[in-house]
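Colleague: 3D model of this:
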Amino acid sequence: MKITVYITNYNYGRYLKKAIDSVLNQTEKDFEIILIDDGSTDDSIPLIQSYIDHPKVKIVLQQNKGLTISNNLALKLSRGEYIMRLDADDYLVENALEKLSAILDKRAEIGMVFGDYYMVDESENILEHFRRHDFNQDVKLLDQPAHGACTMFRVECLKQLGGYDESITRQDGYELWLRFIEKFEVSNINTPLFYYRQHGNNLTSQEDKLLDTRTEILKKHAKRKMTSPSKGFAILPIRGSFIDDRSLPFTKVGDTTLIDRAVEFILNFSPITQLILTSPDQDVIDYAKCKWDNNISIIHRPKKLSYINSPLEPVVQHAINNINLGSDYDFFMLTSLESPFKKSQIIESGINIMQIFDVDTVVGVRPERSLLLNHDGKGMKFLAEQGEFRLERNELFKMVPGYLIRDFKSFKTSGKLFGDIVGHVMFDQLSAFRITNQLECNIADYLAKNNK
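Modeller: Take a look at the predicted model:
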């Protein structure tokens, strides 16, 4: 048997036939299907049982055990040389198995291969072509994993890794990716090979839970790789209203001022052992000395380093030069008071990403799905990388201001805030919320008081 395709289903009966038939109609015919129903309560079971006599289909009915347990069950039952999961609400392009397996047939060193995909709505209208970089030529930093579904593996590779980690309930593809790339090579095809259906019940639409799971995965893998915990310090630049009337350190969000929130967050964040507060505003300096003089380092920054358009490198260098830090720090974190809802687990993920992928800089990002334009002198034009109204695009991100992790040794050598290899950590929408005016401050105050 060449290929095992397993389909995991929980209450997706309205989509399931499309998924099954997209496998049965493949140009590649050497495959089996394992249908795993995970305790559905809709009309899935009668549909599944209608395939009971099909020679290529094996049926597994179980009580709700979750995705990763189902993944391992499929791996155990598989008779194929290669294996791939298809989610019950997605469906394949007719030559997907042929194209993916051809890569594994020709290149024995490859253990995993994946393709681009079409994102569609519930009515199967194509929303966009999601295009990945060329992993065979362009990709050097393997920090953007393959999609968890419709990725084809050599069965022997998965078994060598011990299969999927059953301690996690989501982000199975991300966790497996981190272990997989340590031992095996991966490849991809820049052709759409499946249709990813976007609707309100998608697991990936539950952003907060997804990102929380990802932070736990990163923490676990970083701990496994590190010989000793990394040590870091933080720099908190505050202009203050003396220089910039948009800087609102003493404005309250909920019951706490922005400056109190920012400082106390760092003091309670265990990966950071020292905080440097730097400001040209004497009111800020006096307040900080009165409240935290014994717990943080406070630097009066020259006005010439504090204008709105001033670069940050001299600010960081001035702070470091005025403190006896020693040489045993691994990294520093640049933070801000304008982000009142940041989460410690997301911030720590940046530190872990630096360890796992050996990057010298980590920034916070949010997905950018807006249509971006510029003016070329003749009128507004869509940026080239947007393609034709998002029907074809690479993944785009927007940087979250006020968060950066930097390798300290590399910074001392180059003096540049951004190093040669920049990694990223995904922020949720609330953690990325930033106050730059009074309206946003009012919104933040409402969110804080209502525990949003």
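Colleague: doesn't residue 266 fall inside a helix?
Modeller: Yes. According to DSSP: H, G, I helix; E, B strand; the rest coil, residue 266 belongs to a helix.
Colleague: which residues touch it?
Modeller: 234, 236, 272, 275, 335 (CB atoms under 8 Å, 6 or more residues apart in numbering). For the C-beta atoms, the positions are set from N, CA and C on the backbone; glycine is no exception.
Colleague: the longest strand in the chain is where?
Modeller: strand 185-197 (DSSP state E).
Colleague: Tell me how far the following helix or strand past that one lies from the chain's centre.
Modeller: Using DSSP states H and E, the next helix or strand after strand 185-197 towards the C-terminus is helix 207-225. How far helix 207-225 lies from its chain's middle: 10 Å, per CA atoms, centre = their mean, to the nearest Å.
Colleague: Identify all contacting residues around helix 207-225.
Modeller: 168-171, 174-175, 178-179, 203-204, 345-346, 348-349, 351-353, 355-356, 426-429.
Colleague: Mind listing what's buried along that helix?
Modeller: 210, 211, 212, 213, 214, 215, 217, 218, 221, 222 (16 or more other CB atoms under 10 Å).
Colleague: what does stretch 339-348 give?
Modeller: 339, 340, 341, 342, 343, 345, 346, 347, 348.
Colleague: of all the contacts of residue 266, which two lie farthest apart?
Modeller: 236 and 272 (10.5 Å; CB to CB).
Colleague: Of those two, which one has the most company?
Modeller: For the pair residue 236 and residue 272, the greater number of neighbours falls to residue 236 (24 against 21), based on other CB atoms under 10 Å.
Colleague: ok, the nearest residue to residue 93 once chain neighbours are set aside - how many residues close by?
Modeller: The shortest distance from residue 93 to any residue other than its chain neighbours is 5.1 Å, reached at residue 193 (CB to CB, 6 or more residues apart in numbering). Residues lying near residue 193 (other CB under 10 Å) number 24.
Colleague: from memory residue 257 sits against residue 251, does it?
Modeller: Yes. Between residue 257 and residue 251 there is a contact at 6.5 Å, judged by CB atoms under 8 Å.
Colleague: Tell me the confidence at the closest residue to residue 134 other than its chain neighbours?
Modeller: Of all residues not flanking residue 134 in the chain, residue 190 sits nearest, at 5.9 Å (CB to CB, 6+ apart). Note for residue 190: predicted pLDDT of 93.
Colleague: Any regions of this structure where pLDDT drops low?
Modeller: Within the chain, the segments meeting pLDDT under 70 span 200-206, 227, 383-395, 452.
Colleague: Kindly report the domain assignment for it.
Modeller: 3-205, 225-449 (automatic domain parsing).
Colleague: mind checking how far stretch 6-14 is from the chain centre?
Modeller: That offset, for stretch 6-14, works out to 26 Å (CA atoms, centre = their mean).
Colleague: sorry, back to before: quick one: which of the contacts of residue 266 sit in strands?
Modeller: Short answer: the contacts of residue 266 in strands (DSSP E) are 234, 236, 272, 275.
Colleague: Tell me the one of the residues you listed nearest residue 160?
Modeller: For those, the nearest to residue 160 is residue 272 (38.0 Å; CB to CB).
Colleague: For the closest one, list the residues it contacts.
Modeller: By CB under 8 Å, 6+ apart, the contact set of residue 272 is 232, 233, 234, 266, 333.
Colleague: Between the two ends of stretch 247-261, what distance do you get?
Modeller: 14 Å (CA to CA, to the nearest Å).
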